[in-house]
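Enquirer: Using only what follows, build the 3D model:
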Amino acid sequence: MLGGIIVCLGNICRSPSAEGGFRCLVRSEGLADLITTDSAGIGAWHIGDPPDDRAQAAALRRGVNLSDLRARQFKAADFERFDYILAMDEANRRDMAHLSRSGLDDRLKLFLDFAPQLDRREVPDPYYGGDSGFDEVLNMIEAASHGLLDDIRRNHL
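Expert: Next up, the predicted model:
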């Protein structure tokens, strides 16, 4: 089974939103038996916590339920477990690269690498902003999710 993990700082806003959005797309395309999804955070502050209420509400307005997700911390073993290791921003990517073993760091990319039409490389953290930031992030996630699925189909399925 092919797997992807999406990583942000605390795993309560961006990465669970991306996991939920990508998971929803994978299911709607009938590929849930071929592709696994996960998310994690660089830090350990929120381990076991559900996604931020604002992230859940914004996702639910789009038909994406995040209520079953719980935060966990990214670990070096994830490089061996997942084919796609996707960071929400450059700082997250650098932090994960320090945990990578030689030969596995080619799996590490920015999530928005799969949405070049957005002309940006990083998904901003909506945590300290208003509700509209969560909707903006979900727009980016939707675009990158489609690009990621296209890449998986082209290279693995």
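Enquirer: Just give me the longest helix of this protein.
Expert: The residue-count maximum for a helix in the chain (DSSP state H) belongs to helix 131-155.
Enquirer: buried set for that helix?
Expert: Using 16 or more other C-beta atoms under 10 Å as the test for burial, helix 131-155 gives 133-134, 137-138, 140-145, 147-149, 152. To be clear about C-beta, it is placed using only N, CA and C from the backbone, and glycine gets the same treatment.
Enquirer: Ok, stretch 56-63 next?
Expert: Residues of stretch 56-63 classed as buried by neighbour count (16+ other C-beta under 10 Å): Gln56, Ala58, Ala59.
Enquirer: Could you pull up the contacting residues of Ser100?
Expert: Ala76, Phe79, Leu108 (C-beta atoms under 8 Å, 6 or more residues apart in numbering).
Enquirer: which ones are touching Asp106?
Expert: No contacts exist for Asp106 under C-beta under 8 Å, 6+ apart.
Enquirer: what's the answer for Arg14, then?
Expert: Here Arg14 is in contact with Ile6, Cys8, Met88, Val123, Asp125, Pro126, Val137, Ile141 (C-beta under 8 Å, 6+ apart).
Enquirer: For Leu157, see how far away it is.
Expert: 26 Å (C-beta to C-beta, to the nearest Å).
Enquirer: again, but for Val64
Expert: Counting by C-beta to C-beta, the separation of Val64 from Leu157 is 23 Å.
Enquirer: Which residue of these two possesses the greater neighbour count?
Expert: Taking neighbours as other C-beta atoms under 10 Å, Val64 and Leu157 compare with Val64 leading, 21 against 10.
Enquirer: got a pLDDT number for the more buried one?
Expert: What the model reports for Val64 is a pLDDT of 97.
Enquirer: Now do the SS call for it.
Expert: Put simply, Val64 is coil when judged by DSSP: H, G, I helix; E, B strand; the rest coil.
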